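> turn this into a structure:
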Amino acid sequence: QGKLAEKLDMRLSLSQRTIENFAMFVNDTSIVFNNSFNVLYDEVDVLQASALFSFEAKENTHIHLGLNYFGYDMTNELRAWHRPEFTLNLAGHFALSEKFHLKMQLNTFGKSYARTFNNAQLVVRELDPYMDVNMELEYYHTDHLSFFLKGNNLLNASYEKWHNYPNQKITILGGLSYAF
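Residues are numbered from 1 along each chain as shown. Predicted coordinates for the structure are as follows:
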């Protein structure tokens, strides 16, 4: 952990741990539609390398870049099912004015693997890496009342985080929040 410059912080970490009963979701292939999951547990050694960079350009502008790499050494299973090999996250929070705030987020997930069966034979399916871009604009009307507009999957990308479960395309959500 340290400062690379006056407004640029860095945190690097490397860890190795053993996890008993490491939970993984796998497709339930015993039903026709393959639209539910079972939970499998395994003992796993996880190696994780992480880097986080935080930049504060101004008092109201924050940018974070995080990178995580995961190495899984499974005891019984072939893979750490549905767990990405890496994640990359870029996030920014910008106070455009006292009342308007903009949050932007880019999330990238490395390839992962799914376990399925075909004629009682184990089949390993590779799930492609994917990127997800999200944005939120919030207007603070008072200290208690704010309005927001969120956009998710702004690239309108097609991907599967879970095998046989395609993501939703671009979604827009608006609303208000009130704090007591």
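
> what residue lies at the spatial centre of this structure?
residue 107 (6.0 Å; C-alpha atoms, centre = their mean).

> surely it touches residue 86?
No. In this structure residue 107 lies outside contact range of residue 86 using C-beta atoms under 8 Å: 11.5 Å. C-beta: built from backbone N, CA, C; applies to glycine.

> now the residue nearest to the centre of the chain: which helix or strand?
Here residue 107 is covered by strand 100-109, with elements defined by DSSP states H and E.

> show the subsequent helix or strand relative to that strand.
In N-to-C order, the element after strand 100-109 by DSSP H and E is strand 112-118.

> identify the neighbouring strands of that following strand in the sheet and state each direction.
Applying DSSP bridges, strand 112-118 is found paired with strand 121-127 (antiparallel).

> which parts of stretch 110-128 are buried?
110, 112-115, 127 (16 or more other C-beta atoms under 10 Å).

> ah, wrong one, I meant stretch 52-60
Neighbour-count burial for stretch 52-60 flags 52-55 (criterion: 16+ other C-beta under 10 Å).

> which residues sit against it?
Stretch 52-60 has contacts (C-beta atoms under 8 Å, 6 or more residues apart in numbering) with 4, 7-12, 62-67, 94-95.

> same check, this time on stretch 159-175
By C-beta under 8 Å, 6+ apart, the list of residues contacting stretch 159-175 reads 25, 27, 34-35, 37, 82, 109, 114, 116, 125, 127-128, 130, 132, 147-158.

> so which elements touch the helix or strand bottoming out on mean pLDDT in the chain?
The helix or strand of the chain with the lowest confidence, counting by mean pLDDT, DSSP states H and E, is strand 2-5 at a mean of 82. Judged by 3 or more C-beta pairs under 8 Å, 6 or more residues apart in numbering; DSSP states H and E, the packing partners of strand 2-5 are strand 8-27.

> and the strand it packs on, C-alpha only, in PDB?
The C-alpha trace of strand 8-27 is given here as PDB (Å, rounded to 0.1, in the frame of the first residue of the first chain):
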ATOM      1  CA  LEU A   8      -2.900   8.600  -6.600                       C
ATOM      2  CA  ASP A   9      -3.000   5.700  -4.100                       C
ATOM      3  CA  MET A  10      -2.100   2.100  -4.800                       C
ATOM      4  CA  ARG A  11      -2.800  -1.100  -3.000                       C
ATOM      5  CA  LEU A  12      -1.200  -4.400  -4.100                       C
ATOM      6  CA  SER A  13      -1.900  -7.700  -2.400                       C
ATOM      7  CA  LEU A  14      -1.100 -11.400  -2.900                       C
ATOM      8  CA  SER A  15      -2.900 -14.000  -0.900                       C
ATOM      9  CA  GLN A  16      -3.200 -17.700  -0.800                       C
ATOM     10  CA  ARG A  17      -5.900 -19.400   1.300                       C
ATOM     11  CA  THR A  18      -7.600 -22.800   1.700                       C
ATOM     12  CA  ILE A  19     -11.400 -22.700   1.700                       C
ATOM     13  CA  GLU A  20     -13.400 -25.700   2.900                       C
ATOM     14  CA  ASN A  21     -16.900 -26.000   1.500                       C
ATOM     15  CA  PHE A  22     -16.200 -23.500  -1.300                       C
ATOM     16  CA  ALA A  23     -19.700 -23.100  -2.900                       C
ATOM     17  CA  MET A  24     -20.200 -23.200  -6.600                       C
ATOM     18  CA  PHE A  25     -23.400 -23.100  -8.600                       C
ATOM     19  CA  VAL A  26     -23.800 -25.700 -11.400                       C
ATOM     20  CA  ASN A  27     -26.600 -26.200 -13.800                       C
END
